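Undergrad: Have a look; sequence and predicted model below, questions after that.
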Amino acid sequence: MNNSPDDSTWTDKPDRSADSLVLHATDNHVSTLTLNRPEALNAITPDQREHLIQHLADASADPEIRAVVLTGTGRGFCAGADLRGGPARGTGANGDRSGSGTAAGERIPGDVARTLRLGAQRLVAAVLDCEKPVIAAVNGTAAGLGAHLALACDLVLAAESARFIEVFVRRGLVPDAGGAYLLPRLIGLHRAKELMFFGDALTAADAERLGLVNRVVPDADLDKTARAWAERLAGGPTRALALAKQLVNASLDSDRATAFAAEAAAQEINMTTADAQEGVASFVRRREARFRGR
């Protein structure tokens, strides 16, 4: 397999710690997670995956973090999973955490499904389940797992140079990392099948036209726009946003009665928050609300 920009397997040249491969910064209540393997178009290793999952869990639990931005360095957002990067520390021979497989790396029945369940699917679920709004700032190629990682985010900003590739069919593989779950919900069955069956690169403009991307901006404006959106979200009613995210994400899997019941329960929960009380008070007093994320 050659190392073209559309491949989802790469070899990491420098020997660097996982901490340096996922940069983390928090400022003004915004947590920014940056994939930092530009020489590999930010293909994700198992260790990187675990760091991302932990950072997203930490963002959910930390009341001082009220929004998350996910982006990459260099020309790629994420070229997919690095199948050559080796297993994460404490994992089995196939990169999962079950300790399965043989010492020589022999694949046994169930290994592939288990690796996906405990690997790429956990990562995509961590984005979907994060209790803070997550913005993808797609700075370049997003292929395979990388495309699905972006599409799992709550809002997607794309640089003009970005492209999205359902690369699996080019390798004779079935789409994974939640692709067959996410894409039909975003663009419908026929469009999803077109992308998955042909594996053509989708430009940022076309992704916006299809509804996969909220907004396309010049490359030089991507970070600034993502920061502005994140800071606006960070100034909002954090628990109300979390409950709204939960309702919308579950809506396409629910019937009307279940959705209405969930909405009523969410509103009941939210009315106990300080931000809801502040919102009502600001309306009554005709002033701007000052939300504190509580």
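TA: All right, it came through fine.

Undergrad: looking at it, residue 218 is touching residue 160, isn't it?
TA: Yes: if you go by CB atoms under 8 Å, residue 218 and residue 160 touch, sitting 5.7 Å apart. C-beta here means a position set from N, CA and C on the backbone, and glycine is covered the same way.

Undergrad: so after the helix or strand harbouring residue 69, what's the next helix or strand?
TA: Applying DSSP states H and E as the criterion places residue 69 in strand 67-72. Per DSSP H and E, strand 67-72 leads on to strand 76-78 as the next helix or strand towards the C-terminus.

Undergrad: tell me what that next one is packed against?
TA: strand 141-143, helix 145-151 (3 or more CB pairs under 8 Å, 6 or more residues apart in numbering; DSSP states H and E).

Undergrad: can you put these in JSON lines and add mean pLDDT?
TA: Below are those laid out as JSON lines (pLDDT from 0 to 100):
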{"stretch": "strand 141-143", "mean pLDDT": "96"}
{"stretch": "helix 145-151", "mean pLDDT": "97"}
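
Undergrad: Make JSON lines from the ones you listed and add distance to residue 236 and mean neighbour count to it.
TA: Below are the helices and strands packed on strand 76-78 laid out as JSON lines (distance: least, CB to CB, whole Å; neighbours: other CB atoms under 10 Å):
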{"stretch": "strand 141-143", "distance to residue 236": "27", "mean neighbour count": "29"}
{"stretch": "helix 145-151", "distance to residue 236": "22", "mean neighbour count": "29"}
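
Undergrad: could you redo these as JSON lines and give each row distance to residue 222?
TA: Listed next are the helices and strands packed on strand 76-78 as JSON lines, based on distance: least, CB to CB, whole Å:
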{"stretch": "strand 141-143", "distance to residue 222": "13"}
{"stretch": "helix 145-151", "distance to residue 222": "13"}
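
Undergrad: mind showing which ranges of this structure have poor pLDDT?
TA: 1-18, 85-105 (pLDDT under 70).

Undergrad: what about the helices in it?
TA: 18-21, 46-61, 111-118, 120-129, 145-151, 179-187, 189-198, 204-210, 222-234, 238-251, 256-270, 274-284 (DSSP state H).
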